[in-house]
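[1] Next comes the sequence, and after it the predicted model I'd like to discuss.
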Amino acid sequence: MSSLIELVERYPELKIQIQTVSLIHDHQFNMERLESILAKYDAKAPEDIEEKIKRGEIPEHPSYEEYLEALSHQENMKEAIREIRKIVDALETRSS
C-alpha cells in the first residue's frame, strides 16, 4: 500500500486523475440513488415528495426520511460537480 502512496506522491497528475475518477464515481452513485427514490414516488425532484406528503398523497413514514435522503444525494451531486470544476480550473490555470 505504501508503494501506491509513494507513486501518487511522485506523480501529482496521477493524484488529480484519481481524485477526478473518485468524484465522478461519487456523483454517479448519488445520481442513481436519487433517481431510485424519485422513481419510487413518481417525482421529478425531492421537493415533489415533500409536497405529496403535505397533500396527504403518500404516508409520512418512510417517505419523509427518503425525501431527506434524496436532498442529501442531490447536494452530494452538486458538491462533486463543484470539486470537479475546481480541478478543471486549476488545470486550466496551470496550462496558461
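    Sure, I can see it.

[2] Name the residues of the helix or strand of the chain with the lowest mean pLDDT that are buried.
    Counting by mean pLDDT, DSSP states H and E, the weakest-scoring helix or strand in the chain turns out to be helix 2-10, with a mean of 83. Of all the residues in helix 2-10, those buried under the rule 16 or more other Cβ atoms under 10 Å are residue 8. For the C-beta atoms, the positions are set from N, CA and C on the backbone; glycine is no exception.

[3] which non-adjacent residue is nearest the most centrally placed residue in the chain?
    Nearest residue to the geometric centre of the chain (Cα atoms, centre = their mean): residue 77, 2.6 Å. Nearest non-adjacent residue to residue 77, counting by Cβ to Cβ, 6 or more residues apart in numbering: residue 30, 4.7 Å away.

[4] and if you look at residue 40?
    Sequence neighbours aside, residue 66 is the residue nearest to residue 40 in space, at 7.2 Å (criterion: Cβ to Cβ, 6+ apart).
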